[in-house]
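Colleague: Please find the sequence and the predicted model below.
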Amino acid sequence: MSICDIPPGVVTGDNLLKLLTHAKDNGYAIPAFNCTTSSVCNAVLEAGKKFNSPVMIQVSNGGGAFMAGKSCKDPNAAAAGSVAMALHVRAMAPYYGIPVVLHSDHCAKKLLPWFDAMLEADTAYFAQYGEPLFSSHMLDLSEEPDDENIAICEKYFKMMTPMKIWLEMEIGITGGEEDGVNNEDVDPEKLYTTPEQVYAVYDALSKIGDMFSIAAAFGNVHGVYKPGNVTLQPHRLGNHQKHAKEQLKCENDKPIFLVMHGGSGSTEEEIKTAVDNGVVKMNIDTDTQWAYWDGLRKFEAENREYLQGQIGNPQGADKPNKKKYDPRVWTRKAEESMVDRIKLSMDRLGSTEKYPAKVPEPGSVPMWGFNPKPQGTIGALKKAVGL
């Protein structure tokens, strides 16, 4: 299978399965970037086009709430913001010419209403366009007992499978703190998932469908750490694959799609070992947050004397500064810095130059590029008579 057979834009269903299978079979992983604004989304899309790589754009509960506006206190604000981000990406992704995976990040048990609301949006979108709004969703029930974790994942996977939505789940705990979930004081032994735990998940979910991946803990920690300060054991992922292969009695050396969380502070060799053992997706957040800020920080430092008032700078007391404080100027510097950092992640994961960007001819993308699925003769008749 050639990755070039996968169409650019948001990928779902069979095309998503082809994309992740290609990554697993060819020894690379797709970087998944947590996004909080349309600007951050655009930086990810730009990097994908510039460096010829598939990308994943993912939104957390907190990211969705921020996208909605922090002053919005509606209980559905996080879901509404997540949907708004998805619609933005769907509208813009075709212009960048690369495969884009739309994903929702960690959903703990207490956040299931957010998950339910996104599935409601998926269902409505599917009814109109024949595919879900999002490509995939993640359930993170790793703090619950394994039996409960797996049972809830089974319940939701049965709901998602008819729409061919990918499910990512986590078993074993990622340390550190992210988006309000704090595991800084967790028992160190819980940071390492066993092969038996991973296979229990595989055995349960594979009876429902094949579009799922597992985030198995191997010492991962959220946050920023110096290389060497996090005790990762990515060889354990190979043990998971070996155990599954033995249980399945199959020829495939990597029967399981694995994902990696908490990659900050990981060495290049650790990342490579994880990818070699079947990791097809790695979450990236802390490092790109810094890169985005660093672009703004450098711009402010270089132009400080032009940013103290609307008028007045070293060129004259009556000289305007609008060309410096216009949000489009300094936001762009943040984006450019983030794009550069994304390249580093793509290189480490091996996704750079895997998908030559198919940028469309100017003016060829329709303003509303979503095609409603065929209604059939009866549907057309009902519409004609106003039913």
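Modeller: Happy to help now that I have it.

Colleague: count of neighbours near K70?
Modeller: 9 (other CB atoms under 10 Å). In short, each C-beta sits where N, CA and C put it, glycine included.

Colleague: Next one: it from Q289, what distance?
Modeller: 17 Å (CB to CB, to the nearest Å).

Colleague: So E168 lies in a strand, does it not?
Modeller: Yes. Secondary structure of E168 (DSSP: H, G, I helix; E, B strand; the rest coil): part of a strand.

Colleague: Tell me which residues touch it, please.
Modeller: Neighbouring residues of E168 by CB atoms under 8 Å, 6 or more residues apart in numbering: H103, S136, H137, M138, L139, F212, S213, I214, A215, V259, K281.

Colleague: any idea which of these is closest to P320?
Modeller: Using CB to CB, H103 comes nearest to P320 of these, at 43.1 Å.

Colleague: these two touch, right, the closest one and M138?
Modeller: Yes. Using CB atoms under 8 Å, H103 is in contact with M138, at 6.9 Å.

Colleague: need the contact list for N371.
Modeller: Y129.

Colleague: Tell me which residue is most central in the chain.
Modeller: Closest to where the C-alpha atoms of the chain average out (CA atoms, centre = their mean) is Q58, at 3.2 Å.

Colleague: so is it in a helix, a strand, or just coil?
Modeller: Secondary structure, three-state DSSP: Q58 is strand.

Colleague: out of the contacts of E168, which are inside strands?
Modeller: Among the contacts of E168, the ones falling in strands (DSSP state E) are H103, S136, H137, M138, L139, F212, S213, I214, A215, V259, K281.

Colleague: The closest residue to the second one other than its chain neighbours: neighbour count?
Modeller: Spatially, and ignoring its direct neighbours in sequence, S136 is nearest to W166 (3.4 Å; CB to CB, 6 or more residues apart in numbering). Here the neighbour count serves as a burial measure; for W166 (other CB under 10 Å) it reads 28.

Colleague: So what pairs up with the residue lying closest to F134 once chain neighbours are set aside in the strands?
Modeller: Nearest residue to F134, sequence neighbours excluded (CB to CB, 6+ apart): L102, at 4.8 Å. Under the criterion DSSP bridges, L102 forms beta bridges with I57.

Colleague: tell me the contacts of V55?
Modeller: By CB under 8 Å, 6+ apart, the contact list for V55 reads I30, P31, A32, F33, V44, L45, A47, G48, I98, P99, V100, V101.

Colleague: on that earlier part again, out of the ones in strands among the contacts of E168, flag the one nearest to A79.
Modeller: Checking the ones in strands among the contacts of E168 against A79 by CB to CB gives H137 as the nearest, at 11.7 Å.

Colleague: and the gap between the residue nearest to that closest one when sequence neighbours are not counted and I57?
Modeller: The shortest distance from H137 to any non-neighbouring residue, by CB to CB, 6+ apart, is to S104 (4.7 Å). Using CB to CB, S104 is found at 10 Å from I57.

Colleague: contacting residues for the residue nearest to S136?
Modeller: L16, L17, L20, H103, S135, S136, H137, M160, M211, F212, S213.

Colleague: Just want to check the distance between it and N313.
Modeller: According to CB to CB, W166 and N313 sit 52 Å apart.

Colleague: Quick one: buried ones out of the contacts of W166?
Modeller: Buried members of those, counted by 16 or more other CB atoms under 10 Å: L16, L17, L20, H103, S135, S136, H137, M160, M211, F212, S213.

Colleague: surely the fifth one meets V10?
Modeller: When you say that, I think you mean S135. Yes. Between S135 and V10 there is a contact at 6.4 Å, judged by CB under 8 Å.

Colleague: Just give me the closest of the ones in strands among the contacts of E168 to E170.
Modeller: A215 (4.0 Å).

Colleague: Tell me the spacing between the nearest residue to the closest one once chain neighbours are set aside and S38.
Modeller: Using CB to CB, 6+ apart and skipping residues adjacent in sequence, the residue nearest A215 is E170, 4.0 Å away. According to CB to CB, E170 and S38 sit 28 Å apart.
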